[in-house]
Every structure is written in C-alpha cells, then in structure tokens.
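Participant: how would this look folded up:
(2 chains)
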Amino acid sequence: MTKKIIERYGALVILAALLFNPPIMSIFNSTDLILGVPMLFLYLFVAWALIIGLNAYLAKKLSAEQFSGSEREADSDADG
Amino acid sequence: MLSAWFVILASFGYIGLLFAIAYYGDKRADAGRGIINNPYIYSLSIAVYATSWTFYGSVGRAAADGLIFITIYLGPTLMFVAWWFLLQKILRICKTNGITSIADFIASRYGKSTAIGSLVTLIAVVGITPYISLQLKALSTSLTVLLEYPEIVMPSAEIGLPVVSVTAFIVAMAMAVFAILFGTRHLDPSEHHEGVVAAIAFESIVKLIAFVAVGLFVTFGLYDGFGDLFMKAAAKPELQKLFAISPSSDYAQWVTLTILSMAAILCLPRQFHITIVENVGTDHLSKAVWMFPLYLLLINIFVLPIAVGGLLQFPAGNVDPDTFVLTLPMSTKNEGLALLAYIGGLSAATGMAIISAIALSTMICNEVLMPALLRMDSLRLNERGDLTTLVLNLRRFSSVFVMLLSYGYFVFIGESYTLVTIGLLSFAAAAQFAPAIIGGIFWKGATAHGAFVGLGLGFIVWIYTLLLPSFALSGWMPQSFIAEGPFGIELLKPYEFLGLTGMDNISHSLFWSMVVNIGSYIWVSVYTEQSAIERIQAALFVDAEKFSGTTGRSNLWQGSAAVDDLRDLLYRFVGSYRTEQAFKDHARIRGLDLDVLMAVDAEFVAVAERLLAGAIGSASARVLVASVVKGDIVSLDEVLQILDETSEVIEYSHRLEQKSNELEIASDNLRKANEQLQELDRLKDDFLSTISHELRTPLTSIRSFGEILFDKPEIDLSQRKQFLSVIISESERLTRLINQILDLAKMEAGSMDWEMSEVDAREAIEEALVAMSSLMADKSIALDLKLPDNLPHVFADRDRLIQVIVNLLSNAVKFCGGPEPVVRIAAEIDGDTVLVRVADNGPGVPDGVEDIIFEKFQQVGNPLTSKPRGTGLGLPISRQIVEHFGGKIWFEKADGGADFRFTLPFTRNFQIAE
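Facilitator: The predicted structure follows:
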C-alpha cells in the first residue's frame, strides 16, 4: 500500500510540474478578467491550491502508514 | 506617531521581543517541555524562506514583469510535493548520520572530506553574504522611507540619513548577538536550537499578518475589492500587460526561475538548517509539506493587487515599487498600518539573517576552522582540556564575521541593485550544491573528485557570469567588462559567454554553471576511483532506507580505544553529562559494564564518533577519533563485508518474516481443512446412522411379518394376503431407498451416467403426470395444470427430469389435504430459463426449515412420533439433478401449502457443466 501511495505521489509531481509550467500555464496567459481577476492569476492560485490539497491528502495517508506502523489499519482506511 | 524615535524604538522593541521569545523557548526546552515539538511551529519556521525579498521585492517584481514573481514560490511547492523522493531521504540520512549543515552533508557523503566541506562553506559564504546584505538593504530602505513620513521620498543612491545606517548596523549586530546567544548556547550534538526556532516561527506569523493586512487594505480599503482594482488597472494598457506574462521571452525565464527556486529550497544553507537540521520529529515533515506551500500561497495572494494598486496610486513613477507595501499605507496617512508593514519587513529580514548566520557559522567552524586547527600539530589541540569553549567561541566569532561581511557588502555595493537581482544571485550560488546532493543520494558511483571539481567549476562560472558583472554594475570594476568582455574579448562577455545570447542573465548563468558543474561532476566521477571511506559513505547515503534507525554503521574503526581516552575526548567537546549518558545508553544496549571496561571496540568508537560529529561535524570528528583509536582503519574489503553482512542480515530477517507469514497462512489453511474434514466425518456418521435407521425400519417389518407367516401356518388366507402385501410394499420401499441412495452417491461422486439431450419440458411434465395420475385419482386430488404450448426445449437427461417432477409431485400428493385437495403445476418462461412450479394446498413447510429440506434425510415433522412419509432423499436428489442441468431448485412460501420451483436453462444458452 505504501508503494501505491508513493506511485500516486509520482503522478502528483508530474501533474504539478505540468500545471505550473508552460505550455499548460500559457493556455491561461491572457490579460482577460475572469470573475473580476486576471485569468492567469486565477488559474495559478486555483491550481496551486489544488496541488496543496492533494499533497495534504497523500501526505496524511503516507505518514499514517510510515509513522504509526499499523499498515493494515491504514490499508482499510485507504480503501474505505 | 511615526516620529523617528518612535520608529526606532518600535524596531528595537520588536527585536527585544524576539530575544524574549527565544529565551522563553530555550527555558521551556531546558525544562523538558519544548514548545517547538509540533508540525505547525516547524512549518512556520520553514517559512523563513519568505524574506524581505518576498515582503518588498515580490511587489517590485510584479510591478515590472507581472506574475513571474510567483515562480519563486511555485518551485518550493513542487519540491515539497516531491518531498518523499528527496527531502524525506535527506532527512533520514541526516538523522542517521548526525549531520550538522549542508556542508557537512556534502562532505560526509564524499568521504567526510575536509576539502569538500571547506569548498561548500566558501561557496555558501560568498553566495549568501549578498543575500543577507539584501535584508539589511531592505531594512535601511524601508526605514529611510518611513522616516520621511508624511512625505514620500525615495532614498538616494547613497545611504542618506546617518540614523538609518547606524540602525542597520545595530540591527546587523543584534542579529549576530541573537545568533550567538541562542545559536551557540552550548554544544549540542543534535544541533537543535529551540529558542531560535520559536522566534523564527513567531516572525513568520508577524510577516504574514503584516503583508495580508496591507493587501486587504489596498484591495478593500483603497479599492472596492479585487474586481474593482483589476478593472481599473485593466483600463490602463501598461498595467493590463502585467496580468499576463510575455510569451516571447518570459517562458524560458519562468522555467529557469522555477527550477532555480526548487534548488534553492533544498540547497540554501538556512533552508537546509531549518528544514533538516532543526527538525525534531521526522513525522513533522509530512505535515509541513503542505502547510509550508499553503503559507507561501497565502502570502502571495496580495502581491499583484498591491503592485497594481501602487502603480495606480503613484502614476508618476517616482515611487520605487519595492516600497509599495510601505508607501501605500503612508500615502493615505494610515500610520498604524505603515508601522505594521515596516515591522513585517523587519521580521522577514531578521528571521533570514538569524538562521543564515547560525547555519553559516556552524559550517565555518565545523568544516573549515576546526579541521584546520586540529591538523596543526604545533597547536597540540588534541592534548588540551575542555574544547567546548573553543568551538563555541569559533562559532560566535563566525557569526559576527558573517554579519560584518554582509554589512560591508551592503555598505559598499548593495545600493545599486534591486532586491530581486541580489536574491537570484544567491539562489544561483546555492543551486551549485544541487548536483552534488541529488547525485550523492541516488548515485553510488559519484566520487569526491567529481563533486569537488563540479562544485568548484560551477562556482567559478557563477562568479564570472553573475558576481563579477554585479561588481561591474556597482562600479567596482569597469563597466566595459560587461559590455565588451574582459580585455575586449567579445566571446568572454559575462552575460553572453561564448556568444550565447537570447537568455536573461540568470538563465544564462544557471545554464553555463550547471553545464560545467554537472558535466564535470559526472565526467570526473566516472574517471576516478573512490576511496574506502567514500564507498562506505556512498552506500550509507544511497541505501539510507536500509540503514536508517541503526546508529554507528560507519563502523570503519578496527582495533580498540581506551575508554578513558575516548571519554576525555568527548568531555572536551560535548561535556561530561552527554558523554556519560551516551556511554551508559550504549553500554546498556550492549550489556557492557562501564566500571570494569578498559578498552572499547569498534562499535563503541563509532557511537562516540557520531556523537562528536553531531557537535563539530563529521570531518572534524574523524580527525579527532583517529587520534585516540589504536589500530588502523579497517580495509575497504572488510568494511564492505560488514556493510554487506548488515544488509544481508536485514535481507535475511526480511525473508524470515516473509516465511513466517507464509507459514502462518499455510497453517491457517491446514486448520480450516482439518475442520472441514471433521465436519465431513461427522456428516458421514450422521448419514450412516440415519441410513441404517431408514433401512432397518422396512427390514424389521418384512422380517416380523415373515416370521409370523413362518411360525403360524394356521393364519387364514385373507390375513396372510394382507401380511404379504405389507411385505411386498416394504420391500418396494427398501428397493426404492437403496436405489435412491445409490443414485445420490453416484451423483455426489460424479460418476452418474447422464444422457443429456434436447428435451421438451412440456412432454416431460405430461409424462410424469401420467405416472402419477392413478395415485392422484385414488386420493381424488384435483389437478390445476398450466402449460403453455410454446415452451422452449431444455438440455437435460429426460428420465432424470421426469424423476424430479415425479419426486415433487409425489411430495405434493402426499401432503396436500383439506376437503378439496389440489395440486398445481405450472410452467413458464422466466428470463432465459423455463420455470416449473409444483404446489399443493397442504400444511406447507414449517418456518425455519426451508433451508434444510434439501438436505439428506431431513424430513419435516418429528421422526420419533410420526411415521416417516418418504425416504427423505427425494429433494436432495432433485436438487442434484436440477443443479447438474444448470438450473436451481428452491422452496417458496405460499399461503397454505408448499410451493416448489425449479428452473432449467434453454438449450441455446446451455453449456455442458462437466
């Protein structure tokens, strides 16, 4: 299970690197205002918050297994 | 309110508060109730990353280039997302090996090399000094601007007010004093400074509150929310362009800065110190990996709003955007907020300066001064008494040295450069460590030569392409150095080295320094050999997972040392208390008696070395331990063997664990199988006893009537006939029973001969009815038959199918009752099966036995009181047959009476089951 979460981490790192860099980022590189704020500004902060949220979720799972030592408990937790 | 004396007083009041917090933190730690042992304080302390560069400089950058400033914070976010692959491993290595600084880490990895430790320290000092001076510059600028209140005047190129430069100097020295007081209180092998960390966490809160307060003020005080602010800015083309970044030049810079800041969060000495060295619980990291990025997100939300707000408020361009955080509240006479902004900037600056001073002074002392002094035989340092004071004084001296150096840089050069440029200069210097660190923890083959040459050449390129040009820009060197190249050689122009153009200065420098750094690191590594100790250290670092949790693994001492020698050595550096504690702990684990122990073995020496390394760095510790250990360092082969054995033992115990798990599972299975066998055994006994009972009943009657006939020949004919008919019917019952038992046994054993073919279900039902018709007529039972004409064919054994229907029918006939007995038979199509129902209006099946009526010999009713009305095998046999045909049979509760149903799949869907 730990291995699985680490693999998910790998996927998250790739996602974050994609979101924070051109060319994905450049899609939103416009001076238009969306909801009253610049589009790129809005995009970057939303993407940023998303990545932080996913990181928090995975880190919690991972540390539950790494540091509590009760791997089975965390297992069922992860599936449930 | 904002008079000069009040602002100065507030500044020193704030710094006094820091001292108080640090003092309190240390007191609590001494009392064993540390306040920093939680992930929140840890995360806040990592936010020392946000310096005055963030506080003032980000706004300045945003005002010039728009959102590109954010890359400096996205990089660390990325690195913290990838924490499991890098930070976690580094943290683990450092905890296992007692690493005290980034220089110690790199030196330790490459064979505890003093040369590499010194080089890293040199790069760090040269690279970070401008960064610290940047904090002093920010402080002096903000103070100058604030002191001009209510006017808004930009400081001139020279340092204007004497009170400002004096204040900057006093603050610099206060930081040095702070670092000395709380960073060098005692020589702590774990290198934890609880008071400092508490103060830094407090500073992080202050700067966040101050910045967000200014942001809210600009966005919602000066303007009517984000929409209003951005709408007004969008009306001006020169402001609107800040909303996006220019694709032509800035994408490359975007990527460069992201990579650079990723390297920085790992490689800046102060970040390494606060994240790795000051970490008091490895599990804190897993919380900090999202809380620290969240902090960065929060402090960055208002950067762009403040920047465009400032540009809108000061359209004339006479106010430096670097000061917007301060000048915006000032321009609206918001004195309290201006002071808060200034204090926020002060907290950002002091936090960075304190941790940098501590980290750098530790490096200077442990990696450069101590090894050098220890090697100077003329000093006879090894023979002197308590050296703790010497080490601490060296660190204190180093702290002052670092702050003085920074102040000097600030005075002589700092004024000509904007905040961002100096910060990036330092980032690029710190990034030089990245190849040696990342390569060092993943590539065992990297050698000390490779690391040394890579670091050295990368550093030289950095000096040439960034530091020297910055000197030239400041007037220390001729400007022609940049414009025409040294001695007019165009190819060597520092910003366009070898004619490489089209890149900004930072990208250009990063590219060349990394090409040289990584290139020589790899090439030299693959062409040089590792020494014994390098190979050991490489294994310890790269395979950290294997060795974590074990101490003293770098067991490279052979022979022994006298306990007293070792004890004396440790006393001098870590004090008697810690030494005795460590000795006792180790002796207890090993079961040794310290009182009678004269000489200690290699493992004991390794423990001592580790303790020493925590206090003065691994390079120094090695030199010292070598002086008291008798015998040589073990040979490479022996050490590798030890390492191999260790990993083999670990591997072996792993396998053992696996094996025992497998065994457990196997024995579990065996137990289950055994239980099953016992159950089967019980069933067999039940079966035999039931069957013998069932067989005996008819046999008994046959035998008794036979005996009567035999004994009494005088019985009259009619009675004789009656007796004989009983004998015949009981014989028939017996035959039927035996046939059924045989059938069932055959079916269960799978040796039944099935004659499977396409069968017309309707015909089979009718045939069964014919067989039963006379019996039904005898009992005057009505028949309710519902058979559709177009029943599809089923795949079955015709005779067996009839047997099933007859079984069910005879049950129904047996049990139906009442004044108007009736049996209902119906067949219909249900999905892809034919559903046959046989129901009666008898007493039905009592509750609770629906499941067992299909078991063998289970008859409804009490077998002791009522005469059995069947063999108890009809339903089990029917079930066997129907299931063999691929259908199922079950009982359904009906109002008054029993309702048996079974299904048979159509021919086209039917597949031969066996």
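
Participant: nearest residue to the residue of chain B found nearest chain A other than its sequence neighbours?
Facilitator: Residue nearest to chain A within chain B: B:G227 (2.8 Å; Cβ to the nearest Cβ). Every residue, glycine included, has its C-beta placed from N, CA and C. Counting by Cβ to Cβ, 6 or more residues apart in numbering or on different chains, B:G227 lies nearest to A:G36, which is 2.8 Å off, once chain neighbours are set aside.

Participant: I figured that neighbour was touching B:F230, is that so?
Facilitator: Yes: counting by Cβ atoms under 8 Å, A:G36 touches B:F230, with 6.0 Å between them.

Participant: out of those two, which sits in the more crowded spot?
Facilitator: B:F230 (25 against 14; other Cβ atoms under 10 Å in any protein chain shown).

Participant: In contact with the nearest residue to B:G127 once chain neighbours are set aside, which residues are there?
Facilitator: In space, and not counting its chain neighbours, B:G127 is closest to B:A429: 2.6 Å by Cβ to Cβ, 6+ apart. B:A429 makes contacts with B:I123, B:A124, B:V126, B:G127, B:I128, B:F459, B:W462, B:L466, as judged by Cβ atoms under 8 Å, 6 or more residues apart in numbering or on different chains.

Participant: same thing but at 7 Å, please
Facilitator: Neighbouring residues of B:A429 by Cβ atoms under 7 Å, 6 or more residues apart in numbering or on different chains: B:I123, B:V126, B:G127, B:W462.

Participant: Check those and tell me the two furthest apart.
Facilitator: Farthest-apart pair in those is B:V126 and B:W462; separation 9.0 Å (Cβ to Cβ).

Participant: Of the two, which one has the most company?
Facilitator: Legend: neighbour count by other Cβ under 10 Å for B:V126 and B:W462, higher for B:W462 (27 against 16).

Participant: residues from chain A in reach of chain B?
Facilitator: Contacts of chain A with chain B, taken as Cβ under 7 Å from any Cβ of the partner chain, map to A:6, A:9, A:12-13, A:16-17, A:20-22, A:26, A:29-31, A:33, A:36-38, A:40-41, A:44-45, A:48-49, A:51-52, A:55-56, A:59, A:62-63, A:67.

Participant: from those residues, which ones fall inside strands?
Facilitator: A:L33, A:V37, A:P38 (DSSP state E).

Participant: Give me the residue ranges of chain A where confidence is low.
Facilitator: Residues of chain A meeting the criterion pLDDT under 70: A:1, A:66-80.

Participant: again, only using 50
Facilitator: A:69-80 (pLDDT under 50).

Participant: swap in the stretch 151-300 of chain B?
Facilitator: B:159.

Participant: Phi and psi next, for the nearest residue to B:E367 once chain neighbours are set aside.
Facilitator: Setting aside the residues directly before and after it, B:E367 is nearest to B:G117 in space (Cβ to Cβ, 6+ apart), at 3.4 Å. Main-chain dihedrals, B:G117, degrees, to the nearest 10: phi -60, psi -40.

Participant: what's the distance between B:G117 and B:R92?
Facilitator: With distances taken as Cβ to Cβ, to the nearest Å, B:G117 is found 21 Å from B:R92.

Participant: neighbour count winner among those two?
Facilitator: Taking other Cβ under 10 Å, B:G117 and B:R92 do not tie; B:G117 has more neighbours (29 against 20).

Participant: where's B:L785, which helix or strand?
Facilitator: Using DSSP states H and E, B:L785 falls within strand B:782-786.

Participant: Okay, buried residues for that strand please.
Facilitator: Within strand B:782-786, no residue counts as buried by 16 or more other Cβ atoms under 10 Å in any protein chain shown.

Participant: now the very next helix or strand once past it: mean pLDDT?
Facilitator: Downstream of strand B:782-786, the first helix or strand assigned by DSSP H and E is strand B:793-797. Strand B:793-797 carries an average pLDDT of 84.

Participant: Restrict strand B:793-797 to CA atoms and write it as CSV.
Facilitator: Taking C-alpha atoms only, strand B:793-797 is exported to CSV below (Å, rounded to 0.1, in the frame of the first residue of the first chain):
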residue,chain,number,x,y,z
HIS,B,793,-36.6,-27.1,-25.3
VAL,B,794,-34.2,-27.6,-22.4
PHE,B,795,-30.9,-29.6,-22.3
ALA,B,796,-31.3,-32.4,-19.9
ASP,B,797,-31.5,-36.1,-19.2
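
Participant: Please name every helix or strand in contact with that strand.
Facilitator: strand B:756-760, strand B:898-905 (3 or more Cβ pairs under 7 Å, 6 or more residues apart in numbering or on different chains; DSSP states H and E).

Participant: redo that, cut-off 8 Å
Facilitator: Applying 3 or more Cβ pairs under 8 Å, 6 or more residues apart in numbering or on different chains; DSSP states H and E, one finds that strand B:793-797 contacts strand B:756-760, helix B:761-778, strand B:898-905.

Participant: Relative to the whole chain's centre, how far out is it?
Facilitator: In terms of Cα atoms, centre = their mean, to the nearest Å, the gap separating the centre of strand B:793-797 from the centre of its chain is 60 Å.

Participant: Tell me who's in contact with the most far-flung residue of chain B relative to its centre.
Facilitator: Most distant residue from the mean C-alpha position of chain B: B:E714, 100.1 Å away (Cα atoms, centre = their mean). Contact analysis of B:E714 by Cβ under 8 Å, 6+ apart lists nothing.

Participant: and what of the one 3 residues further on?
Facilitator: Applying Cβ under 8 Å, 6+ apart, we find B:L717 in contact with no residue.

Participant: Check the gap between it and B:L709 for me.
Facilitator: Remark: distance between B:L717 and B:L709 (Cβ to Cβ) = 12 Å.

Participant: Check B:V806 too.
Facilitator: Distance, B:V806 to B:L709, using Cβ to Cβ: 33 Å.

Participant: got it, and B:A430?
Facilitator: From B:A430 across to B:L709, the span is 116 Å (Cβ to Cβ).

Participant: So between those two, which is more surrounded?
Facilitator: B:A430 (26 against 15).

Participant: Could you report the neighbour count for A:W48?
Facilitator: Neighbours around A:W48, by other Cβ under 10 Å: 23.

Participant: cool, and the one 10 residues further on?
Facilitator: The burial metric for A:L58, expressed as a neighbour count using other Cβ under 10 Å, is 21.

Participant: Check whether it really touches A:Y9, as I assumed.
Facilitator: Yes: using Cβ under 8 Å, A:L58 is in contact with A:Y9, at 5.8 Å.

Participant: If we ignore the residues flanking it in sequence, what's nearest B:P305?
Facilitator: Ranked by Cβ to Cβ, 6+ apart and with sequence neighbours excluded, the top spatial neighbour of B:P305 is B:T219, at 4.8 Å.

Participant: Check for me that the one you found belongs to a helix.
Facilitator: Yes: under DSSP: H, G, I helix; E, B strand; the rest coil, B:T219 falls within a helix.

Participant: in its sheet, what does the strand holding B:L785 sit against?
Facilitator: Taking DSSP bridges as the criterion, strand B:782-786 forms sheet pairs with strand B:822-830 (parallel).

Participant: I appreciate the help and will end here.
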